[in-house]
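1. got a predicted model here, sequence first, then my questions.
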Amino acid sequence: MLSIKNLHASVEGNEILKGINLEAKAGEVHAIMGPNGSGKSTLAQVLAGHEDYEVTEGSVTYLGKDLLELGADDRACEGIFLAFQYPVEIPGVSTSYFLKAAVNSVRRYRKEEELDAVQFLTLAKEKMKALDMDPSFLHRSVNEGFSGGEKKKNEIFQMAVLDPKLAILDETDSGLDIDALRVVADGVNSLRSPDRTMIVVTHYQRLLDYIVPDFVHVLSEGKIVKSGDKNLAHQLEDEGYSWLRSHAEAR
Amino acid sequence: MTTQTKTAAAPPKQDILDQYDAFRAGAASASDWLAPVREDAIARFREQGIPTQKWEDYRFTNLAPIARTKFRHASTYKQPDGIAEIAARMKFAKETAVELVFGNGRLMQTNGGEALPAGVIVMSLAEAMKSHTDLVKQHLAKVAKLDSAPMAALNTAFIEDGLFVYVPKGVHVEKPVHAIFVTDSGDGKAGAADSGAERLVSHPRTLIVLGESAEARVYETFTSRKGDAFWSNPVTEVVVGENARLEHLRFQDESGEAFHTGTIEATQGRSSWFTTYSFAFGCRITRNDVNLALLGEGIESDLDGLYIGADEQLIDHHTFVYHREPNCESREFYKGILGDKATGVFSGKILVHQKAQKTDAKQTNRNLLLSDSANVHTKPQLEIFADDVKCTHGATIGQIDANSLFYLKTRGIDEVTARSLLIYAFAGEVVERVSFPPMRERLQNLLYDRLPNGDELRGLGE
């Protein structure tokens, strides 16, 4: 599904990613952990196509295509979805309007027939029900005045509607209380499938109790310094990130 | 109403002054009582002339193209045939509104007036001056101030016709009253207004009077054919009685070659609510003055605006809100979208009298620049003489938010559509406040027409 080789990326001349290697197959859930400033969010943004980041070296292949050749919109149409750490508020655009634009844009790209208002509403309501969301969400402006939990829920809702092949969740857990976390995690788990790959970026091990990953990678100073199974997350929980420093020094 | 620091004497418009005598002679018989009002007004205009940029209130608004163009009063033109057709585009579906069509300032058609509640008067001002003389006399030219307001003075000197709305005490007018002002010089390929040729000038006058606890919506549309060059100079006087509620709207979508200088002068009585919208989408030069006096306690006022400029358009809004009594709330919310080499100007003045304690005045002006050559001048002016008040103002000038754009793109929406969607949303925040759905739809459609990939967005709203 996704193959990242020796990926280097900079923003305004500062190199943030310094040689990332990652292979993810269909159906797998990969967790990316690491301290602040390790480059976790940058990796998520680079994969989604943020233009502020310049890829200086390396390659990213997604379903056999050179991902770095594609703009953010085309990546989305190809099935990549980024759940934002800080979802953007868009006053004046209702969630239904926005999401209908997105769904039909993606469908057009894939040469599928566009959904009409009724078909879209049926789809949206079905996904909202699964996430225990109030249908009134659809009429509210995108993320405007939403609580932190509502914003994150809205990200997962969009993901459910857009049905991506590769979902990247950027700190979807941060700022959530335990109840909101459970709802969001349940939503994510319901979307796990053998056809879908997920990359879960998180600072805290707590999320991984709910979304149990197949692989855990630890990112430090722009590189993956350790990879393992879900037990690695527990080790991090027990020892914190401080061992990374000694690890880095030891190298 | 606004104070003017020493103004440099501007050249009087001799072409207009020359026509005044002939006009007055023709108009005299209809309304003798108005003669001294006209005389006073033309004297005021003679003193002030067309403002130059030396006037503080016109610093960014160059009216020289108006000053150097020769104008001829609309009443001397033969009514062109195309007016009904131009007006038809702006009409709402039958029976949803009471509509009047004015051609070059004079009434041409009325529809739906028979459905109005008893006692409500909706008619042409010319007719009202004859049939309801006392009522008109009581209010006409009493609200609009002529100091430092040469455009309003000029309009007053040439009062002839326009819209008259009267709603008596306690009456609620369900359907909006919609006046369509078409300006048409009969020349659709006029070219630049100041190219040397003589141009049409029209001074429509609107008077809206709401009695105690009355309720109404009054909308004014200003339109023309594309490419026509003229000057429209309307004045709307509004008297909102105690505890009355009025939603007023001006929608201006005139030719890109035209000049528009508009004035709204309103007073509000105790516990009343008044909102006035300005949607300014057209013209080479637009200057709108909105002056509001809150003359009782417990008043609420909303002044909302949306201006959209392209090419080398100039769109200027000057608002003035006078808080004279305690416990009133005024909110101003103006947004501008400027592309190409367009210029936007917003100046919002709030004056709080010493005894107007507990005043809550809020002013917001947000601008979206779509090109590097577009520019905006925004200036709040607060003069507060009471000590227990809440006055806030905020102005922003920005470009399309890169984060929002990225967010939309990560959902599969292409750049052009994403930009249009964000512009639409920016404008929508004002549009969605309008209470009459067909008016909202008209404004939304106009936005879709102007935006790249707008048709695609239009489909989403359904």
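-> Thanks, I have the structure now.

2. for A:Ile32, give its distance to A:Asn21.
-> With distances taken as C-beta to C-beta, to the nearest Å, A:Ile32 is found 12 Å from A:Asn21. Quick note: C-beta positions are derived from backbone N, CA and C, even for glycine.

3. again, but for B:Glu254
-> With C-beta to C-beta as the criterion, B:Glu254 and A:Asn21 are 63 Å apart.

4. for B:Ala374, same thing?
-> From B:Ala374 over to A:Asn21 the distance is 46 Å, taken as C-beta to C-beta.

5. which ones are touching residue 152?
-> Went with chain A since none was named. A:83, A:87, A:172-173, A:175-176, A:180, A:184 (C-beta atoms under 8 Å, 6 or more residues apart in numbering or on different chains).

6. to clarify, I was referring to chain B.
-> Here B:Ala152 is in contact with B:144-146, B:235, B:263, B:265, B:289 (criterion: C-beta under 8 Å, 6+ apart).

7. equivalent analysis for A:Glu23, please.
-> Contact analysis of A:Glu23 by C-beta under 8 Å, 6+ apart lists A:2-4.

8. what residues does the residue nearest to B:Gly428 when sequence neighbours are not counted make contact with?
-> With sequence-adjacent residues excluded and distances taken as C-beta to C-beta, 6 or more residues apart in numbering or on different chains, B:Gly428 is closest to A:Gly92, at 4.0 Å. The neighbours of A:Gly92, taking C-beta under 8 Å, 6+ apart as the test, are A:141, B:424-429, B:432.

9. so how far is chain A from the closest residue to B:Phe436 other than its chain neighbours?
-> In this structure, B:Phe436 finds its nearest non-sequential neighbour in B:Pro176, 5.2 Å apart by C-beta to C-beta, 6+ apart. Taking C-beta to the nearest C-beta, to the nearest Å as the measure, B:Pro176 and chain A are separated by 24 Å.

10. hang on, B:Pro176 packs against B:Pro437?
-> No - B:Pro176 is not in contact with B:Pro437 according to C-beta atoms under 8 Å; the separation is 10.7 Å.

11. quick one: which of the contacts of A:Lys152 is most hemmed in?
-> Highest neighbour count within the contacts of A:Lys152: A:Thr172, with 29 neighbours (other C-beta atoms under 10 Å in any protein chain shown).

12. separation between that residue and chain B?
-> Using C-beta to the nearest C-beta, A:Thr172 is found at 14 Å from chain B.

13. and the strands in chain A, which stretches?
-> Chain-ordered strands for chain A, with DSSP state E as the definition, fall at A:2-11, A:14-24, A:29-33, A:53-62, A:65-66, A:80-83, A:90-94, A:141-142, A:166-170, A:197-202, A:215-220, A:223-228.

14. need those in CSV with mean pLDDT, can you?
-> Listed next are the strands of chain A as CSV, based on pLDDT from 0 to 100:
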stretch, mean pLDDT
strand A:2-11, 96
strand A:14-24, 96
strand A:29-33, 95
strand A:53-62, 96
strand A:65-66, 96
strand A:80-83, 97
strand A:90-94, 87
strand A:141-142, 92
strand A:166-170, 96
strand A:197-202, 95
strand A:215-220, 94
strand A:223-228, 92
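
15. anything in the helix or strand harbouring B:Phe406 near chain A?
-> Counting by DSSP states H and E, the element that carries B:Phe406 is helix B:402-409. Yes - legend: contact between helix B:402-409 and chain A by C-beta under 8 Å from any C-beta of the partner chain is shown at B:402-404, B:406-409.

16. which strands or helices does that helix pack on?
-> In terms of contact count using 3 or more C-beta pairs under 8 Å, 6 or more residues apart in numbering or on different chains; DSSP states H and E, helix B:402-409 is assigned the packing partners helix A:72-77, strand A:90-94, helix A:95-109, helix B:415-431.

17. can I get those in TSV including distance to B:Ser124?
-> TSV is the format used below for the helices and strands packed on helix B:402-409 (distance: least, C-beta to C-beta, whole Å):
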stretch	distance to B:Ser124
helix A:72-77	54
strand A:90-94	38
helix A:95-109	42
helix B:415-431	30
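
18. okay, these, which one's buried deepest?
-> Ranked by mean neighbour count under mean count of other C-beta atoms under 10 Å in any protein chain shown, those are led by helix A:72-77, which reaches a mean of 24.

19. so how far is that one off the chain centroid?
-> The chain centroid and the centroid of helix A:72-77 are separated by 14 Å, computed with C-alpha atoms, centre = their mean, to the nearest Å.

20. low-confidence stretches in chain B?
-> B:1-12, B:27-31, B:187-196, B:461-462 (pLDDT under 70).

21. mind listing what whatever residue of it ends up closest to chain A touches?
-> Ranking the residues of chain B by distance to chain A (C-beta to the nearest C-beta) places B:Ala425 first, at 3.3 Å. If a contact means C-beta under 8 Å, 6+ apart, then B:Ala425 has A:90-93, A:141 as its contacts.
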